[in-house]
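1. what would the 3D arrangement of this be:
(3 chains)
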Amino acid sequence: MSEDALFEIEDVPDANPSAEQVSELTDFEKAQTEAIELTTKINEAADAYYERDESIISDAEYDMAMRRLEEIEKTYPVLQGQDSPTLSVGGRAAATFEKVPHLERMMSLDNVFSEEQFLSWAEKTERDAGAAIEYLCELKIDGLAINLRYENGTLTGATTRGDGVVGEDVTANVLTIQGIPHRLAGSGFPELMEVRGEIYIPTAEFEELNKRLLEAKEKTFSNPRNSASGSLRQIDPAKTAARPLRLLVHGIGAWNEVPVANQSEVYALLESWGLPTSKYFKVLSSASSVADFISEMGAQRHSIDHEIDGIVIKVDDLAIQKKLGATSRAPRWAIAYKYPPEQVNTKLVDIKVSVGRTGRATPFAIVEPVQVAGSVVEYATLHNQDVVKAKGVLIGDTIVIRKAGDVIPEILGPVLELRNGTEYSFVMPEECPECGSKLAPASEEDIDLRCPNTKGCPAQVRGRVEHIGSRGGLEIEGLGESTAEALTNPIPPIQPALLTEAGLFDLTLEGIFPLEVWNYSDIRIREIKLDKDTKEPLRELPFRRIRKIGKKVVMDPPFDPEAEVFDGDEQYILSKGAFELIAELEKAKTKPFWRMLVSLNIRHVGPVAARALANHFGSIEALDEASAEELAAVEGVGQIIAESVKTWLSVDWHREIVDRWKAAGVQLFVPGHPGPGAAVSSDGPCSGLIIVATGSLEGFTRDGAQEAIIAAGGKPASSVSKNTNYVAAGPGAGSKLTKAEELGIPVLDAEGFRKLLEGGPAAVSS
DNA sequence: CACCCTCGAGTTCA
DNA sequence: CTCGAGGGTG
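-> Prediction:
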C-alpha cells in the first residue's frame, strides 16, 4: 500500500488563499490528476483481483475507469507512462499466465559501451580461453526474450524470460505467430531441446500497425518493443495473431549432446529445421574486425528492418564456451555491445533556476515532454551558466536530448537548422528566484553562483530539512520533499511551521496544522516574484494541492487520528500523516550521533566524515572544544573539513540549532563514548577489511548492509578498487560486480556475506 | 607534488 | 550515476 493512499486526493483548483494571482488549473493538469486517480484505482482493483482473487469494484466500473483512462491518454499521450495499465491489456493480465521453470537458466548478458571496453573484454577472454577465438557477431534485437521447447521436433512450450529461472507460459499466443514452426522440418531432432530467441515487431510493420490503430480510433503504441510485449501478453490468442510479431532465434538452452562444435553451426542446423535465424550474423576471427563490424552496423542501424540496441558477440566454439563458463548472472563467453543511448529532439521551452540546500543556483531546462529511453522527460539540469553557454542552446530552440547513464536526461545541443529567429538566450538572474537575495560566487574562482541568505532562504531551509529526513540523515519517514516544502512554505498569509531547522524537534500537532502538501513538479518550478509596488510576493505559477496531511481544526488536544472534526460547515477526517510525522520525529531524537552531524548540514560532512568525527570525539561538546588541527588529525578528515566544521560551529544561528535540538531532547553524543581522542575500537571478525555491498542482498537493506559491515569491524566502501577485500553482490548488481570480476576480487552472495560478517575471512576462504 | 581512491553533492523519474 | 574535489600515499 503506497503512502499516498493515506491521504485524500483532492481536486482543489485554488488552494492558495491569496487567490487573485493564481491562474486556473489547466485542462492538462486536471487530466493529469484524473489519470493518476484512475491508474491507482485500476491497479488496486487488478491487484486485488489477480493476486488475492477478490473483486473490490464491479467489472462495469473497472471497464469504465479503463476506458476513461484510455481517452485521457489519447488526448495527452504524455500522460501514458510506461507502466500505464492501458498498456497491459486486461489489467495485470500477466499474472494469469502460468509460471513454468526453464530447464536451463536464461541468463542476461554483461554490457560494454565502447570499443575500448570491448577490446579489453576480448583480451581477457582470449587469455582465459588460452586460445585464439572465433567471434560470432549478431544484432541485439530490441524485443522480448523467449524460450521455445521442442520435444522430438514438436513445439511443446513457449515461455518468457521471467526472472531467468521461471518464466510465464505464453504457448497459446506464440503458436499464433507467423514463422514459428509448430513441427520442425527434416529429421534428426533431439529428444528435448530449448531454443532461445527474440520476439519483435519489424519497424515498418509497427508503423503500419499504429496507422491502423489510429484509423480505428484506438490507442497507439509508443515503440515497437512495448507493442511486442503488449501483443504477446494478450489473454485472447486471436488478438496476438492479429499483430505482426516475428521471431529470430539466437541461442540454445537445455540440449543434450549438441551434434555440432560451433554456435554458428547450431544456427545453420536450426535454420535447416525451419527456425528463423538472422541473416546478419557473422563469424570473425579477430577482435579488431569485430570492432569494425560494430561500427559498421552502428552506422546503418536504422536501415535494418527491426530496432537494435547493440551487437552481441559470442565465442563461436562451444567447447570454449563451456570452459569459460558463467558468472552468477551472465555467461563469460558472450558480451553485449550497447550503442549510445537513444537521442531525441524536443523543444526547449524555458530555462529556470533552482536553489538547492547549499544555496547553489542551478539552471535547469524545461522541455516539451518527450519519451527518451523508457520515460517521459520534462526537465534536464544545465549545471551552471557556463554549461548553458557551452551547449549553445537558446530558449525556444529545438534541442537534442539523451539519457546519460540511462537515468539522467542530458541536453546535447541545439538543432541549428530549425532556428527561426524567435529564440533568445538565457540570462542568469542576479537574484535568488526564491528569496530575492543578490546571488554571488562563494569565492573568487568559483563559477557557481550562490544565494547568500543561508539562514532565511526558503529554498535552502527546505533543502536542509529534506536532507535531515533523508536516508543519509535521520531517516525520518514522512519527511521527504513535499513535507519539507509544506513545513517551510512561506507564502503569505500562511506562516511556515519552520523558519529554520532549529525548530524541527519542537514541532507539535497543533503547530503543523494547517499543513498542506504540494506535489513535486510544482516545487521544482516554483518561483516567487515580488510585486513592484507592494513588495508583496506574487505566486507566478499555480500550486496544486493534491493531498493534505492536516487541516486546521477547532478541537482540544489530544488529537485522535480517527476523529472526524467539524470546522464550520466542512467536515474533515484527520489523516495519519501528521501523527506519524510527530512520532517519527520523536524516534529520530535518539538516532546515532553521526546521523545528527550529517543532519546539521555542515559543508563537506557526509556520512563517512561524520562517522569518523563521531567516533573520535563522541559529542558535539568535544567537537566544539577541539581545535581545527585536532579535527584534521582524524583519519579521513583534512584541513578543509576541519575548518568547515569549526566555521559552522562559530555561527550564531547554527548554535541556536544545536541548543534548541538539545533542549528538545535530541541526543548529540555517542552514548557511552569514553571521550575525545579515544576512537571506539573497531574489533570484530572483519577488522581491517574493506567490503563493498551492491545489488539487493537478501536480508539486508542498502544501509543495513553498511551498518552490518561496521558492526563486524569492517569498512564499507562505495566503490570497488584494488584495495577492496570483498564484494557482496546480490541480484541487480551492476558495474561494481563487473569491476570486481575484472580485478579478481572475491565476490560473495548474501549467504557468503553473512558468513563473512560472522566468522571473518576464514569462514569464506574455502 | 602527482597520483588514485573516495566522498559529497546534485540529479530525474516513478 | 556522474562529476569535481578532498584526503592520503608513494
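
2. now the strands for the stretch 651-766 of chain A?
-> Secondary structure of the stretch 651-766 of chain A, counting by DSSP state E, counting those that start in this stretch: strands at A:690-694, A:715-716, A:726-729, A:747-748.

3. which one of these lies nearest to DNA strand C?
-> Evaluated with CB to the nearest atom of the strand, those place strand A:690-694 nearest to DNA strand C, the distance being 8.3 Å. The way it works is simple: take the backbone N, C-alpha and C, and place the C-beta from them, glycine included.

4. so is the closest one next to DNA strand B?
-> Yes: applying CB under 7 Å from any atom of the strand, one finds that strand A:690-694 is in contact with DNA strand B at A:I690.

5. avg pLDDT for that strand?
-> Across strand A:690-694, pLDDT averages out at 80.

6. over to stretch A:274-293?
-> Averaged across stretch A:274-293, the pLDDT comes to 92.

7. end to end, how far does it reach?
-> Start-to-end span of stretch A:274-293 (CA to CA, to the nearest Å) is 27 Å.

8. give me the residues contacting it.
-> A:115, A:118-119, A:122-123, A:126, A:132-139, A:141, A:179-181, A:184-186, A:195, A:197, A:246-250, A:262, A:264, A:267, A:270-271, A:297, A:304, A:311, A:313, A:316 (CB atoms under 8 Å, 6 or more residues apart in numbering).

9. show me how far that stretch is from its chain's centre.
-> Here stretch A:274-293 is found 34 Å from its chain centre; the criterion is CA atoms, centre = their mean, to the nearest Å.

10. buried stuff in it?
-> Buried residues in stretch A:274-293, counting neighbours by 16 or more other CB atoms under 10 Å, are found at A:L275, A:P276, A:T277, A:S278, A:Y280, A:F281, A:V283, A:L284, A:A287, A:V290, A:A291, A:F293.

11. contact partners for A:E742?
-> A:E742 neighbours (CB under 8 Å, 6+ apart): A:K124.

12. sticking with A:M596, tell me its helix or strand.
-> Here A:M596 sits within helix A:593-599, counting by DSSP states H and E.

13. list the residues that contact the residue of chain A found nearest DNA strand B.
-> In chain A, the residue found nearest to DNA strand B is A:G606; the distance is 2.5 Å by CB to the nearest atom of the strand. With contact taken as CB under 8 Å, 6+ apart, A:G606 is in contact with A:G472, A:V598.

14. three-state assignment of A:E477?
-> coil (DSSP: H, G, I helix; E, B strand; the rest coil).

15. tell me how far A:D110 lies from DNA strand C.
-> Between A:D110 and DNA strand C the distance is 13 Å, computed by CB to the nearest atom of the strand, to the nearest Å.

16. correct me, but that residue touches A:T738?
-> Yes: the pair A:D110 / A:T738 is scored as a contact, 6.2 Å apart, by CB atoms under 8 Å.

17. off-centre distance for stretch A:690-697?
-> Offset of stretch A:690-697 from its chain centre (CA atoms, centre = their mean): 18 Å.

18. contacts for that stretch, please.
-> By CB under 8 Å, 6+ apart, stretch A:690-697 touches A:700, A:702, A:705-706, A:709, A:714-720, A:723-734, A:736-737, A:740, A:749-750, A:753, A:756.

19. how about 6 Å then?
-> Applying CB atoms under 6 Å, 6 or more residues apart in numbering, the contact partners of stretch A:690-697 are A:705, A:709, A:714-715, A:717, A:720, A:723-733, A:736, A:750, A:753.

20. from those, keep the buried residues only.
-> Looks like the contacts of stretch A:690-697 have A:705, A:709, A:714-715, A:717, A:720, A:724-730, A:733, A:736, A:750, A:753 buried, using 16+ other CB under 10 Å.

21. can you tell me how far the residue nearest to A:A728 when sequence neighbours are not counted sits from A:D659?
-> Closest residue in space to A:A728, ignoring its immediate chain neighbours: A:F753 at 3.8 Å, by CB to CB, 6 or more residues apart in numbering. To A:D659, A:F753 is 42 Å away according to CB to CB, to the nearest Å.
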